[in-house]
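Chemist: Sequence first, predicted coordinates after that:
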Amino acid sequence: MANPHAGEVALTLDGERRVAKLTLGALAELEAALEAGTLMDLVERFEAGRFSTRDVLALIVAGLRGGGWRGGPRDLLSAEIGGGPVEAARVAGALLARAFAGPGDV
């Protein structure tokens, strides 16, 4: 079960429920994967609804890796995400929101 107060978000990947979380290490990987811009640019894109599928993929990979998953972007190419692309985008947004939320904001 994912704990939102710990920044965790649940995601079903290939039928298996996983926990995703943007740890400091996962955020560093995410920033490197973005290649351009900052994490704040990414937050602004999500807030404005201007995010790309690449943004969603990078966030999902970073969150899963922060939750202990050892895969990478290529592993998600053929993976089935429960709820499809819409759920993936929702999880990506929730990961960002929870990573930067204050103690009472979750």
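Modeler: Alright, I've got the coordinates.
Chemist: what residues are up against Ala58?
Modeler: 30, 33-34, 73 (Cβ atoms under 8 Å, 6 or more residues apart in numbering). Quick note: C-beta positions are derived from backbone N, CA and C, even for glycine.
Chemist: Same question for Ala32.
Modeler: Applying Cβ under 8 Å, 6+ apart, no residues contact Ala32.
Chemist: by contact count, what packs against the longest helix seen in the chain?
Modeler: Longest helix in the chain, counting residues (DSSP state H): helix 84-99. Under the contact criterion of 3 or more Cβ pairs under 8 Å, 6 or more residues apart in numbering; DSSP states H and E, helix 84-99 touches strand 8-13, strand 16-21, helix 39-48, helix 53-66.
Chemist: Name the residues that touch it?
Modeler: 4, 7-11, 20-22, 27, 42-43, 46, 51, 53, 55-57, 59-60, 62-63, 81, 83, 106.
Chemist: Just the buried subset of these, please.
Modeler: 7-11, 20-22, 27, 42-43, 46, 51, 55-57, 59-60, 62-63, 81 (16 or more other Cβ atoms under 10 Å).
Chemist: if we can go back for a sec, comparing the helices and strands packed on helix 84-99 by mean pLDDT, which bottoms out?
Modeler: Among the helices and strands packed on helix 84-99, helix 39-48 carries the lowest mean pLDDT, at a mean of 85.
Chemist: could you check the angle helix 53-66 makes with it?
Modeler: Angle of helix 39-48 versus helix 53-66, following axes from the mean of the first three to the mean of the last three Cα atoms, to 10 degrees, is 120 degrees.
Chemist: Okay, buried residues for helix 39-48 please.
Modeler: Buried residues in helix 39-48, counted by 16+ other Cβ under 10 Å: 39, 42-43, 46.
Chemist: is it possible to export these to CSV including distance to Phe100?
Modeler: Listed next are these as CSV, based on distance: Cβ to Cβ, whole Å:
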residue, distance to Phe100
Leu39, 9
Leu42, 11
Val43, 7
Phe46, 11
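Chemist: And the furthest pair within the residues you listed?
Modeler: In terms of Cβ to Cβ, the buried residues of helix 39-48 reach their longest pairwise distance at Leu39 and Phe46, which sit 10.7 Å apart.
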